[in-house]
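>>> pasting the structure only:
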């Protein structure tokens, strides 16, 4: 049974190689600069883990951002 998508399973419009992950140094600087703006105090012993997790989230966002939606109808806006 063959894949319904060309290029080894990727949907049309997706790149064959994902965007590179963010540079860990850039992510650490971002965390250091944004945390105070958000009123967050990150203990020094947690900083490395926070920066690593933010980097992982940014990398996941790059993958999702590459997913083609075409003319797919978006969900309606909920208004109570």
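Yep, it's here. Values in this document were obtained by computation on a predicted structure and should not be read as measured data.

>>> so the spatially most central residue of the chain, which of the three states?
Centroid-nearest residue in the chain, with CA atoms, centre = their mean: residue 61, separated by 1.6 Å. Using DSSP: H, G, I helix; E, B strand; the rest coil, the structure places residue 61 in helix.

>>> separation between residue 62 and residue 55?
11 Å (CB to CB, to the nearest Å). Bear in mind the C-beta positions are built from the backbone N, C-alpha and C, glycine included.

>>> mutual contacts of these two, please.
residue 21 (CB atoms under 8 Å, 6 or more residues apart in numbering).

>>> how far away is the residue nearest to the centre of the chain from residue 45?
For residue 61, the distance to residue 45 equals 26 Å [CB to CB].

>>> mind telling me what element residue 58 is part of?
helix 44-65 (DSSP states H and E).

>>> now tell me which helix or strand of the chain has the poorest mean pLDDT.
The least trusted helix or strand in the chain, going by mean pLDDT, DSSP states H and E, turns out to be helix 6-9, with a mean of 50.
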